[in-house]
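Asks: sequence unavailable; structure follows:
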């Protein structure tokens with residue numbers, strides 16, 4: 001048996017993730033410049049709460065992680081892909097009590 005070769009992590013691939021890949025881009029929108037990273041289903045190991053629809057992103061589901069450029073990623077959020085793409089077309093969520101009047 002020949003010895004196994006050690007391979008370095010290729011650019012854009014996680015060294016410890018067992019080959020899970022991600023692609024990172026910068027997107028410009030009306031709400032500013034964002035760093036957006038696409039996470040594959042194999043790379044999604046934990047559940048997250050999508051800020052676009054307030055629903056859970058279960059483990060194993062591909063999604064995007066986004067944060068404002070220049071923030072260093074301290075305030076990153078995990079989004080469903082369609083929620084991220086529709087973020088500028090949605091109105092802000094308004095929290096109401098069950099019996100609040102609707103105008």
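Replies: Structure received. Small disclaimer: the values here were computed from a predicted structure and weren't measured. Residues are numbered from 1 along each chain as shown.

Asks: every contact and neighbour count from this point should use C-alpha atoms.
Replies: Will do.

Asks: residues contacting the residue lying closest to residue 80 once chain neighbours are set aside?
Replies: Counting by CA to CA, 6 or more residues apart in numbering, residue 80 lies nearest to residue 63, which is 4.9 Å off, once chain neighbours are set aside. Taking CA atoms under 8 Å, 6 or more residues apart in numbering, we find residue 63 in contact with 38, 39, 40, 41, 44, 57, 78, 79, 80, 81.

Asks: for residue 59, which residues are in contact?
Replies: 41, 44, 45, 46, 47.

Asks: which of those residues sit farthest apart?
Replies: Spatial extent of the contacts of residue 59 (CA to CA) is set by the pair 41 and 47 at 11.5 Å.

Asks: where are the low-confidence patches of this protein?
Replies: 1-22, 91-97, 100-103 (pLDDT under 70).

Asks: quick one, helices of it?
Replies: 81-85 (DSSP state H).

Asks: count of neighbours near residue 72?
Replies: 10 (other CA atoms under 10 Å).

Asks: related to what we said a few turns ago, any idea how far the residue nearest to residue 80 lies from residue 98?
Replies: Separation of residue 63 from residue 98 (CA to CA, to the nearest Å): 31 Å.
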